[in-house]
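K.L.:
sequence first, predicted coordinates after that:
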Amino acid sequence: MTDELTNGADGGVRVGVRTRSLSTDRLRFIRQLGATDVFVDHADTEEEPDEFNDREGTDTIAVGRDSIPTAAELEAVKARIEGEGLRFTGVQSLPYSLYGDVMFDREGADDALDRITTLVRNLGSAGVPILGYQWNPRGVVPMRTAPVELRGGAVGTAFDLDEIENPDELAPGLDRAYTEAEFWENYERFLETVLPVAEEAGVRLALHPVDPPVLESLGGIPRLFRNVENFERAMELVPSDNHGLKLCLGCFSQMGEDVEAVLRRFGERDQIVFVHFRDVAGTVPAFHETFVDEGNFHTPDVVRTLREVGYEGVVIPDHVPEMVGDDDWRHRARGFTVGYLRGVVDSVRSER
């Protein structure tokens, strides 16, 4: 790497960033902020919320049904990222187009599992240690409703169940509602197939909650990972040291959970792979996202808890608000969040 990565040099919490664009300007901006780790978003923009419809440049990793990057392609991306003094720590998430057939046990499920395991092997060969995923069809059921105004006129995303006219109406493309038992069975098949490959490849899988974590079913689709208990079941279903949580603080905050208790519950078992650091005001069925220095929890206490449980990994800003003059990636809000988190992390580290 071209310069020393001092953020988290003692092996503790590091501050990273998720990005789709891998342009030189983007990577240099990330490094200038003092972030050290990069999680790359796949290039299937139809599945991501508006703040990640990143149109800056064409330097991306295409991951999808018909596009699995080779080990050589991933190694080239890794060299590009490391050339700017950063770590290529993981792929942020599997796109729904890649795992949807497995989720619904459709005809293409076997082929999808082959593609996913190929991706895992290639990540391992390239030395990329993390693959995030979720069991939630983004873009199929509503993720957010009308936005809200935050301090100074910034814009934050929000969800209010009362704004969903008919939550029981089948989602587009479904001909029937699915049961929770079916989804657990299909999910177990996914784990039984992919986790042994991940263990061989040295890659950790990281499960994200459904967002919003509301109702047992929405649009005929079970919301499996809507509570702590179901995450416990997920970790026990096919036990593996290569399986853990993409622990989204905002989602657990939306659930009304004590996020420090959640961090202790999974952190003491070394099941936190990486952390989405964001918060909301309110809980389901109605909440809105906030700046990282506002919301339901107290950020310094959460960072202290991460340190207490021995977490040595990355926290990344997620779903940042839109500030005046922001681009599609919301570079200003993301820059504020990275700076704030670095300040809190450094302050907590100095408390030793």
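P.N.:
Cool, got the structure. Numbers count the residues shown, from 1 in each chain.
K.L.:
contacts, neighbours, all on C-alpha from now
P.N.:
Noted.
K.L.:
list the contacts of residue 98.
P.N.:
Residue 98 is in contact with 64, 65, 112, 115, 116, counting by C-alpha atoms under 8 Å, 6 or more residues apart in numbering.
K.L.:
which of these fall within strands?
P.N.:
Residues of those located in strands (DSSP state E): none.
K.L.:
can you pull out the strands in the stretch 1-150 of the chain?
P.N.:
Using DSSP state E, counting those that start in this stretch, the strands of the stretch 1-150 of the chain run over residues 14-19, 37-40, 87-91, 130-134, 148-149.
K.L.:
other SSEs contacting the first one?
P.N.:
Looking back up the chat, that one is strand 14-19. Under the contact criterion of 3 or more C-alpha pairs under 8 Å, 6 or more residues apart in numbering; DSSP states H and E, strand 14-19 touches strand 37-40, strand 314-317, helix 331-350.
K.L.:
restricting to C-alpha, output the longest helix seen in the chain in CSV.
P.N.:
Counting by DSSP state H, the longest helix found in the chain is helix 180-201. Extracted C-alpha coordinates of helix 180-201, given in CSV (Å, rounded to 0.1, in the frame of the first residue of the first chain):
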residue,chain,number,x,y,z
GLU,A,180,-42.1,-18.8,6.7
ALA,A,181,-41.5,-22.5,6.9
GLU,A,182,-40.7,-22.6,3.2
PHE,A,183,-38.3,-19.7,3.5
TRP,A,184,-36.5,-21.3,6.4
GLU,A,185,-36.1,-24.5,4.3
ASN,A,186,-34.8,-22.7,1.3
TYR,A,187,-32.5,-20.6,3.5
GLU,A,188,-31.1,-23.7,5.1
ARG,A,189,-30.3,-25.2,1.7
PHE,A,190,-28.4,-22.0,0.8
LEU,A,191,-26.3,-22.3,4.0
GLU,A,192,-25.7,-26.0,3.6
THR,A,193,-24.4,-25.4,0.0
VAL,A,194,-22.4,-22.1,0.4
LEU,A,195,-20.9,-22.3,3.9
PRO,A,196,-18.6,-25.3,3.3
VAL,A,197,-17.3,-23.5,0.2
ALA,A,198,-16.8,-20.3,2.3
GLU,A,199,-14.9,-22.3,4.9
GLU,A,200,-12.6,-23.7,2.3
ALA,A,201,-12.1,-20.3,0.6
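K.L.:
would you map the helices across the stretch 101-250 of the chain?
P.N.:
Along the stretch 101-250 of the chain, counting by DSSP state H, counting those that start in this stretch, helices occupy 109-126, 180-201, 228-237, 249-254.
K.L.:
contact partners of the shortest one?
P.N.:
When you say that, I think you mean helix 249-254. Contacts of helix 249-254 (C-alpha under 8 Å, 6+ apart): 209-213, 227, 258-259, 262, 275-284, 287, 289, 296-297.
K.L.:
still on that earlier bit, looking at the strands of the stretch 1-150 of the chain, which is closest to residue 316?
P.N.:
Proximity to residue 316 (C-alpha to C-alpha) singles out strand 14-19 among the strands of the stretch 1-150 of the chain, at 4.9 Å.
K.L.:
what sits up against that closest one?
P.N.:
By C-alpha under 8 Å, 6+ apart, the list of residues contacting strand 14-19 reads 7-8, 30, 34-41, 52, 92, 312-318, 329, 338, 341-342.
K.L.:
given that strand, what are its sheet partners and their directions?
P.N.:
strand 37-40 (parallel), strand 314-317 (parallel) (DSSP bridges).
K.L.:
is it possible to export the ones you listed to JSON lines including mean neighbour count?
P.N.:
Output for the strands paired with strand 14-19, formatted as JSON lines (neighbours: other C-alpha atoms under 10 Å):
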{"stretch": "strand 37-40", "mean neighbour count": "25"}
{"stretch": "strand 314-317", "mean neighbour count": "24"}
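K.L.:
for these, give me TSV that also has mean pLDDT and distance to residue 304.
P.N.:
Listed next are those as TSV, based on pLDDT from 0 to 100; distance: least, C-alpha to C-alpha, whole Å:
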stretch	mean pLDDT	distance to residue 304
strand 37-40	97	20
strand 314-317	98	13
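K.L.:
ok, which of these comes nearest residue 121?
P.N.:
Taking the strands paired with strand 14-19 one by one with C-alpha to C-alpha, strand 37-40 is closest: 17.0 Å.
K.L.:
quick one, what contacts residue 188?
P.N.:
237, 238.
K.L.:
hang on, I meant residue 192
P.N.:
Residue 192 makes contacts with residue 238, as judged by C-alpha under 8 Å, 6+ apart.
K.L.:
where does this structure have low pLDDT?
P.N.:
Low-confidence segments of the chain, defined by pLDDT under 70, are located at 1-10, 43-58, 352.
K.L.:
can we see that at 80?
P.N.:
Along the chain, segments meeting pLDDT under 80 span 1-11, 43-59, 138-139, 352.
K.L.:
next, count neighbours for residue 246.
P.N.:
Counted with other C-alpha atoms under 10 Å, the neighbours of residue 246 add up to 25.
K.L.:
can I assume it is in contact with residue 277?
P.N.:
No - the criterion here is C-alpha atoms under 8 Å, and residue 246 misses it with residue 277 at 10.4 Å.
K.L.:
quick check: which helices or strands does the helix or strand containing residue 265 pack against?
P.N.:
Residue 265 is part of helix 259-267, with elements assigned from DSSP states H and E. Under the contact criterion of 3+ C-alpha pairs under 8 Å, 6+ apart, helix 259-267 touches helix 249-254, helix 299-308.
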